[in-house]
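Asks: Starting from these lines, generate the structure:
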Amino acid sequence: MAVDSPGCSYVSLLNHLGVGPNNHTHSALRPVRNWSTPTYVTVDLYLYVIIDVNEKHQSLTTGLHMFSSGWTNELLRWDPEHFCGIYTMTIPEEYVWRPPTSIMESFDAKLSYEKSSYVNLIASGWVTTGESYKITSTCKMDLFKFPFDTQQCKLTVLTILNTIDQIRLYPGSNSADVLSGSLMVFQAQGEWDLIRINVTRQNLTIGTSVWDTVIYTIVMCRRPQLYVINLLIPVFLFLVLDLMSFFINEVQGEKLSFKVTVLLAISVLLLILHDMLPSTHDRTPLIGVFCTGIFLFVGFSIVETIAVSFLMRMASKCDLAAFSRETREKRVQEEASGQGPVVSTVKGVEQDTAIVSLLRLLLEEVRKLRQSTCPQPARHAGSACVCLKTAAKAINTLYFILYTCAAVCFLVGVFKQWYY
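Replies: Next up is the predicted model:
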């Protein structure tokens with residue numbers, strides 16, 4: 001056909017193919033000449049943004065580009081030489097049939113733009129299209145190593161309405177090409193880094209029905225800096241402060257009030273952590289074990305402080321009772337020695353007489369009589385006070401050593417599981 005022929009326009013080609021808004025044959029039915037012939041469809045998904053990862057609801061919101069998704073249309077073929085070399089043209093998507101592909105894990109999928117889409121039609125009958133989607137899908141996350149975790153979320157592309165006998169799905173690119181293409185358009189968003197994308201093709205069998213599926217496994221790594229600064233370091237510093245509180249004076253009650261304040265601060269961080277992590281996870285995340293373990297350390301430390309304070313208070317009461325007894329003893333001894341001046345006077349007046357000897361004997365007898373009639377102080381009071389103080393100091397020292405060793409072993413164990 002000549003170049004200046006009326007067939008050199010897209011309109012004449014569309015009329016020849018019978019494609020248009022009033023012809024629903026090409027858009028309603030699968031485009032094969034024999035109904036038993038399967039339609040071959042290729043898909044290509046490229047990740048360009050990670051919008052949100054919700055650990056509480058186990059969901060992933062992503063932005064996806066669908067490039068060069070194509071299929072064979074046996075009813076829309078022409079010879080370019082008969083139409084002035086027209087090899088390809090772009091037509092509205094509602095003019096032709098499109099495979100009903102969907103993502104199995106998705107529960108909310110939206111186009112990234114409102115205008116109508118177009119498809120690219122090639123002379124061989126190959127139809128290609130490209131669109132951008134915002135998809136929210138389910139993702140079973142392993143949060144055991146949170147916030148040093150790596151997540152794998154799957155996006156399974158399939159055609160629910162057509163089994164493998166009708167539509168065959170194939171990935172348009174391998175894993176390396178999809179990853180490199182995604183990294184070229186990827187926009188870092190929030191706390192996640194894209195590590196790799198694995199592309200596999202599998203069959204999904206339910207009962208007697210079999211579907212072709214293309215699975216895109218997105219592997220992403222979390223950036224833990226924010227959680228380290230806002231959660232891990234404060235909780236660790238609270239543990240260090242609790243260890244340092246063993247050097248605070250226990251007499252005035254400052255040590256106990258300080259430990260209670262530290263315990264309340266850890267409780268606030270535990271409430272924040274509870275709002276972030278799911279409550280139905282199979283394994284308790286290590287960050288929960290870390291915070292709860294330090295909470296228990298501080299709690300047992302408060303119990304130990306209360307016990308030591310009780311012993312010190314009993315020792316103080318014992319010292320006060322012993323001091324009052326010593327005061328009474330001194331008073332009794334002073335009263336008993338009140339005859340001293342009389343004896344010295346008699347001694348000065350009548351030395352070397354028999355009366356002086358008699359008075360001395362009488363004085364000795366009076367002293368013995370007073371000592372036998374006065375109540376004897378409890379000699380064990382002072383030793384009991386010393387025993388209470390010694391026990392309190394021994395308990396405090398022993399607990400500090402055990403507390404430090406247990407805390408170090410606990411931290412080493414937790415951090416070892418985090419990094420290995």
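
Asks: Every contact and neighbour count from this point should use C-alpha atoms.
Replies: Fine.

Asks: Could you give me the buried positions within the helix or strand harbouring Asp177?
Replies: Using DSSP states H and E, Asp177 sits in helix 175-185. Residues of helix 175-185 classed as buried by neighbour count (16 or more other CA atoms under 10 Å): Ser175, Val178, Leu179, Gly181, Ser182, Leu183.

Asks: Just send those residues back as JSON lines, with distance to Asp275 too.
Replies: What follows is those, written out as JSON lines (distance: CA to CA, whole Å):
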{"residue": "Ser175", "distance to Asp275": "36"}
{"residue": "Val178", "distance to Asp275": "35"}
{"residue": "Leu179", "distance to Asp275": "33"}
{"residue": "Gly181", "distance to Asp275": "36"}
{"residue": "Ser182", "distance to Asp275": "32"}
{"residue": "Leu183", "distance to Asp275": "32"}
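
Asks: where does Phe186 fall, phi/psi-wise?
Replies: The phi/psi pair for Phe186 (degrees, to the nearest 10) reads phi -70, psi 140.

Asks: Now do the contacts for the residue lying closest to it once chain neighbours are set aside.
Replies: Among residues not flanking Phe186 along the chain, Tyr48 sits closest, at 4.0 Å (CA to CA, 6 or more residues apart in numbering). By CA atoms under 8 Å, 6 or more residues apart in numbering, the residues touching Tyr48 are Thr62, Gly63, Leu64, His65, Ser182, Leu183, Val185, Phe186, Gln187.

Asks: What are the contacting residues of the helix holding Asp177?
Replies: With CA under 8 Å, 6+ apart as the criterion, helix 175-185 contacts Asp44, Leu45, Tyr46, Leu47, Tyr48, Leu194, Arg196, Ile197, Asn198, Val199.

Asks: For the next helix or strand along the chain from it, name the packing helices and strands.
Replies: Downstream of helix 175-185, the first helix or strand assigned by DSSP H and E is strand 192-206. If contacts are counted by 3 or more CA pairs under 8 Å, 6 or more residues apart in numbering; DSSP states H and E, strand 192-206 sits against strand 167-171, helix 175-185, strand 209-222.

Asks: And Tyr118, what's its pLDDT?
Replies: Tyr118 is assigned a predicted lDDT (pLDDT) of 85.

Asks: And for it, the neighbour number?
Replies: Residues lying near Tyr118 (other CA atoms under 10 Å) number 17.

Asks: quick one: contacts for it?
Replies: Thr90, Ile91, Pro92, Glu93, Thr129.

Asks: Report the secondary structure element holding the last one.
Replies: Counting by DSSP H and E, the secondary-structure element that holds Thr129 is strand 126-138.

Asks: Show me which positions of stretch 39-59 end up buried.
Replies: 39-53, 55, 59.

Asks: ok, back up a step: what subset of the contacts of Tyr118 is buried?
Replies: Ile91, Thr129.

Asks: Can you give the contact residues for stretch 227-239?
Replies: Under CA under 8 Å, 6+ apart, the answer for stretch 227-239 is Pro147, Val262, Ile266, Leu269, Ile287, Cys291, Ile294, Phe297, Val298.

Asks: Report the distance from it to the chain centre.
Replies: 12 Å (CA atoms, centre = their mean, to the nearest Å).

Asks: for it, how far is the first residue from the last?
Replies: Using CA to CA, to the nearest Å, the end-to-end distance of stretch 227-239 comes out at 17 Å.

Asks: on that earlier part again, need the max-distance pair from the contacts of helix 175-185.
Replies: Between any two of the contacts of helix 175-185, the greatest separation by CA to CA is 17.4 Å, found for Asp44 and Leu194.

Asks: thinking again about what came up before, what's the farthest-apart pair in the buried residues of helix 175-185?
Replies: Ser175 and Leu183 (12.2 Å).

Asks: re the thing from before, the helix holding Asp177 versus strand 209-222: what angle between them?
Replies: 50 degrees (axes from the mean of the first three to the mean of the last three CA atoms, to 10 degrees).

Asks: avg pLDDT for helix 175-185?
Replies: 90.

Asks: in which helix or strand would I find Leu47?
Replies: strand 45-54.

Asks: Output that strand as PDB, nothing but the C-alphas.
Replies: Extracted in PDB, the C-alpha atoms of strand 45-54 (Å, rounded to 0.1, in the frame of the first residue of the first chain):
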ATOM      1  CA  LEU A  45       7.000  -5.900  39.000                       C
ATOM      2  CA  TYR A  46       9.500  -3.300  40.100                       C
ATOM      3  CA  LEU A  47       9.400  -1.900  43.700                       C
ATOM      4  CA  TYR A  48      10.000   1.800  43.800                       C
ATOM      5  CA  VAL A  49       9.000   2.700  47.400                       C
ATOM      6  CA  ILE A  50       8.300   1.100  50.700                       C
ATOM      7  CA  ILE A  51       5.500   3.300  52.100                       C
ATOM      8  CA  ASP A  52       4.700   1.600  55.400                       C
ATOM      9  CA  VAL A  53       5.400  -1.500  57.400                       C
ATOM     10  CA  ASN A  54       2.900  -2.100  60.100                       C
END
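
Asks: now it, how far from the chain's geometric center?
Replies: Worked out by CA atoms, centre = their mean, strand 45-54 lies 20 Å from the chain centre.

Asks: what comes up buried for whichever helix or strand comes after it?
Replies: Once strand 45-54 ends, the next helix or strand along the chain (criterion: DSSP H and E) is strand 59-72. The neighbour-count check on strand 59-72 (16+ other CA under 10 Å) flags 59-65, 67-72 as buried.

Asks: For the chain, just list every one of the helices.
Replies: 10-17, 25-28, 175-185, 225-227, 233-244, 254-276, 286-336, 340-349, 354-373, 380-419 (DSSP state H).
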